[in-house]
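Participant: From the sequence below, what's the structure:
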Amino acid sequence: MIKKNILFILIMVTAFILPGCGGRKEEESKKIVIKFTVAEKPEQCRLFQKVVSVFEKEHPGIKVRLNNDGSDCYTKMLTQMAGGSGADVIQIHYIWFPDFVTRDVLFDLGPFIEKDNYDLNDFFTIGVESYKYEEKHYAIPFVGSARVFLYNKDLFDEAGLPYPDDANWTWEDFVEIARKLTRDIDGDGKIDQFGASLHAFGDTLLSWIWSNGGDVFNEEVTECTFNTPKALEVVKIYNDLVHKYHALPVGISGARMADMGDLFALGKVGLVSSGPWMCTIYQDIKNLQWDVALYPKGRNGRVTRYAGRSYAIWSESKHPEEAWKLIKFLVGPVGGRILSEGGEDVPARKSLAYSDAFLRPDVPWNARKFVDSIKDSRRYQLSSRVFEIESVIGRNFEKLGLGLQTPEEFVEEITKDVNALLKAK
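Facilitator: Numbers count the residues shown, from 1 in each chain. Sure thing, here's the model as predicted:
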């Protein structure tokens, strides 16, 4: 009798459970699945997972498959799209945009923007313009910023130097400060403390050249115009800082140092060119007192390079409407605020950029300067052959740092090789 009762209970429980399970499976199978690919650090990806979870709750008919392709995202995206398996929503860096849009793999967002009367006025203009091609919108920015200098307050204090004055300091002041902060502390004839770190060409030297009135390209990006007196003047000063005054940690001991940021973290560099993404690293270093300064001014005022990332829809997506809903949520007040918590970069929306979510009043540095720097920024004119051009510039920049080229050879070689690439377009 007991066995019969147990069997009856099991049958009844199964009868109740199975329809429920089947119902849930059927409900899941009815959802529209969209793929979303990002290139993020693991800790930042966790915020994306959080945003996706909130989105799915607000849009129960949509399932999002989030994939983090990391540093090799660019190549993987193009390979997947070429094979017909691209993600519906892709995260793209602004430097990739010319290549993506000329390959015709991005969906024109204009009809969606018009249909929804989607307001782009809350976005920084430079961010919106960075993802337009032939007056059409192909992506919506979610972060973007310009370079600033982080400075070591203790090293300035020890040298008796005032902190950089955003309103008045110039590139001439920068040179003088970098020289004064450069020291052979132990007297062994080798530099132990460097005045500044400028990283790659496009991060700082390009901004310096722009502010001096020079440029790399003409406006149409059909000709490299780097071999001009205004560009050469800056390159000569940079070359002196490296080889005459040893104020920059480039070419020391016959090799370019792998990570200038490490020297700043160790308190061995007075100024480092950086963006908001380094703050989350430096904030946890004890005895490192630092703050933020805008770039110096030149003949043409203060000019700095803008860089950012955006969301786009693959042109072959089978679910562009759902993909558009996800993009709007990601850059909207809810999704955008969650992602701003990471502090990795300035939100593309002005309302989020100037909110406590990004500015974080609890931190000792002036985060607002990352936002303020955008008004003085400009886009690097890009070609669909941008990676080949960057390779040419980077290769020659390395030679300059190692003393294998003169400034004159540097500008002439870049001009010649880049023009050859542009003509072969």
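Participant: Give me the mean pLDDT for the top strand by length along the chain.
Facilitator: Assignment by DSSP state E gives strand 304-313 as the longest strand of the chain. Averaging pLDDT along strand 304-313 gives 95.
Participant: How about stretch 197-208?
Facilitator: Mean pLDDT, stretch 197-208: 85.
Participant: Could you list the residues in contact with it?
Facilitator: 147, 171, 216, 234-235, 238, 248-250, 260-261, 263-264, 269, 271-273, 295, 298, 303-305, 380, 390, 393-394, 397 (C-beta atoms under 8 Å, 6 or more residues apart in numbering). No exception for glycine: its C-beta is placed from N, CA and C like everyone else's.
Participant: Check which residues of that stretch are buried.
Facilitator: Buried residues in stretch 197-208, counting neighbours by 16 or more other C-beta atoms under 10 Å, are found at 197, 198, 199, 201, 202, 203, 204, 205, 206, 207, 208.
Participant: Helices of the stretch 1-150 of the chain, start to end?
Facilitator: 2-29, 42-58, 73-82, 97-102, 110-115, 125-129 (DSSP state H, counting those that start in this stretch).
Participant: just the stretch 201-350 of the chain next, same as before
Facilitator: Using DSSP H, counting those that start in this stretch, the helices of the stretch 201-350 of the chain run over 206-211, 229-243, 260-265, 279-282, 320-330, 333-340, 350-353.
Participant: Out of the ones you listed, which is closest to residue 156?
Facilitator: Proximity to residue 156 (C-beta to C-beta) singles out helix 260-265 among those, at 13.1 Å.
Participant: How about the contacts made by the residue positioned nearest the centre of the chain?
Facilitator: Centroid-nearest residue in the chain: residue 308, 4.7 Å away (criterion: C-alpha atoms, centre = their mean). Going by C-beta under 8 Å, 6+ apart, residue 308 touches 93, 94, 127, 130, 141, 142, 143, 144, 145, 345, 348.
Participant: Which among the residues you listed count as buried?
Facilitator: Counted by 16+ other C-beta under 10 Å, the contacts of residue 308 give 94, 127, 130, 141, 142, 143, 144, 145, 345, 348 as buried.
Participant: Low-confidence stretches in the stretch 1-150 of the chain?
Facilitator: The model of the stretch 1-150 of the chain has pLDDT under 70 over residues 1-29, 71.
Participant: returning to that earlier point: now for the buried ones among the contacts of residue 308, which pair is the farthest apart?
Facilitator: Greatest spatial distance in these: 130 and 345, 13.6 Å, computed using C-beta to C-beta.
Participant: so who does residue 301 touch?
Facilitator: Contacts of residue 301 (C-beta under 8 Å, 6+ apart): 211, 376.
Participant: That one pairs with what?
Facilitator: residue 298 (DSSP bridges).
Participant: residue ranges of the strands in the stretch 51-200 of the chain, please?
Facilitator: 62-68, 89-93, 132-133, 136-137, 140-146, 148-152, 194-197 (DSSP state E, counting those that start in this stretch).
Participant: re earlier: could you give the angle of the longest strand of the chain to strand 89-93?
Facilitator: Interaxial angle of strand 304-313 relative to strand 89-93 (axes from the mean of the first three to the mean of the last three C-alpha atoms, to 10 degrees): 170 degrees.
Participant: Sheet partners, orientation included, of strand 304-313?
Facilitator: Here strand 304-313 is paired, per DSSP bridges, with strand 89-93 (antiparallel), strand 140-146 (antiparallel), strand 377-378 (parallel).
Participant: Of all those, which one is nearest residue 60?
Facilitator: Using C-beta to C-beta, the strands paired with strand 304-313 put strand 89-93 closest to residue 60, at 18.3 Å.
Participant: Okay, buried residues for the closest one please.
Facilitator: By 16+ other C-beta under 10 Å, the buried positions in strand 89-93 come out as 89, 90, 91, 92.
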